[in-house]
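J.: next comes the sequence, and after it the predicted model I'd like to discuss.
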Amino acid sequence: MPETTDAAADPTESYSYLGPAGTFTWKALDQVPQARGQHWRSVNNVGEALDDVVSGRSVAAMIAIENSVEGGVSATQDALATIPNLRILGEYLVPVDFVLVARPGTELDRVRVVNAHPVAYAQTHLWLEARLPSHEHLPATSNVAAAASLLESGIADAAIAPPGITEHFDLVQLAEHVGDNPTAVTRFVLVSRTVELPEPTGADKTSIIAELPADHPGSLLELLEQFSTRGVNMSLIESRPIGDALGRYRFIIDLEGHVLDERVADALLGVRRFSPSVMFLGSYPRADRLPVEYVSRYGDDVFTEARDWLRGLIAGEPQ
Ligand SMILES: O=C(O)C(=O)C[C@]1(C(=O)O)C=C[C@@H](O)C=C1
């Protein structure tokens, strides 16, 4: 973990991330080749990171979107649904493991107030409830900020932080592997204002956010049918309240494939015809680089052949 986030003497572009250096978000940004040698701007929350992108202060922001234990990061999903013209450029996976740290001299059974990022707390609360049944949670802007604040204020007794944190701060480790699930992973996305689509790689994902028509029985089924009838697999579907009235939800959907794949494009046309609001968040390579599998009758050539057939019959060509 470097002491500074300015990795180059003469950086030309800024990338925003939830800081300070050493957070899981920092580890995700460290996987991005084009961010190396550029200025990394440490921010305190997702809103600030996306505001940097919208205002042009940064070319892109790395933000957490989904955790294997806690599910969707609602602040990210809501921000992506309400800020227009953002594009996801790529996804990055970071395994998450946590330690409990404190100022030197602190005993585990004396810990009462635990500082932790809310998403980290949600992944460690079972351990904390078992070992420290009467603890109190003090929310922090990030896991590294939680650890750093122990040296700045005496409010918290301990912090949930990433492993290795004691190499950078004068703190002691009270316990390791305090995460409730040892194989937990957080998925991050790199978001920018770029509208240029990356080329399909055969191992892509497409993210959209769609609303359903009001008072339309079976509308969720109709939304899902757009994908199933084109052989498009969904890797994620989550609902988030729209916020204006009870019972109104939008759906955050990840599809396997690229918008330049005929079956995905055709499914999006279907969604667009029926949904009152569809946001396209981008097509980008899958983090695992696993090729998308689909049944051969949904291949590009089958769609092209069918379109040529229709064009031909409209033009009066012999069948
Ligand atoms: O605090 C950090 O280290 C972060 O990068 C934030 C964050 C998140 O927002 O989900 C990232 C990964 C973990 O799931 C917990 C917290």
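T.: Yep, that arrived.

J.: only C-alpha atoms from now on, for both contacts and neighbour counts.
T.: Will do.

J.: run a quick neighbour tally on the residue nearest to residue 278 when sequence neighbours are not counted.
T.: Taking Cα to Cα, 6 or more residues apart in numbering, and ignoring the residues beside it in sequence, residue 278 has residue 210 as its nearest neighbour in space, at 4.4 Å. Neighbours of residue 210 under the rule other Cα atoms under 10 Å: 22.

J.: tell me the residues of the stretch 51-200 of the chain that contact the ligand?
T.: Residues of the stretch 51-200 of the chain found near the ligand, taking Cα under 6 Å from any ligand atom as the criterion, are 64, 67, 117, 119, 120, 142, 143, 186.

J.: so can I have a markdown table of those residues showing pLDDT, neighbour count and secondary structure?
T.: What follows is those, written out as a markdown table (pLDDT from 0 to 100; neighbours: other Cα atoms under 10 Å; DSSP: H, G, I helix; E, B strand; the rest coil):
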| residue | pLDDT | neighbour count | secondary structure |
| --- | --- | --- | --- |
| 64 | 97 | 27 | strand |
| 67 | 93 | 21 | strand |
| 117 | 97 | 21 | coil |
| 119 | 94 | 21 | helix |
| 120 | 96 | 24 | helix |
| 142 | 98 | 27 | coil |
| 143 | 96 | 30 | helix |
| 186 | 97 | 23 | strand |
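
J.: nearest to residue 265, of the residues you listed?
T.: For residue 265, the closest of those turns out to be residue 64, at 26.8 Å, with distances computed as Cα to Cα.

J.: can you pull the contacts of that closest one?
T.: 25, 73, 76, 186, 187, 188, 189 (Cα atoms under 8 Å, 6 or more residues apart in numbering).

J.: bridged to it, which residues?
T.: Note on residue 64: beta-bridge partners by DSSP bridges are residue 188.

J.: so how far is residue 58 from it?
T.: Applying Cα to Cα, to the nearest Å, the value for residue 64 to residue 58 is 17 Å.

J.: and residue 133, by the same measure?
T.: In this structure, residue 133 lies at 43 Å from residue 58, with Cα to Cα as the measure.

J.: so the two - more neighbours on which side?
T.: Each of residue 133 and residue 58 had its neighbours counted (other Cα under 10 Å), and the higher figure belongs to residue 58 (22 against 12).
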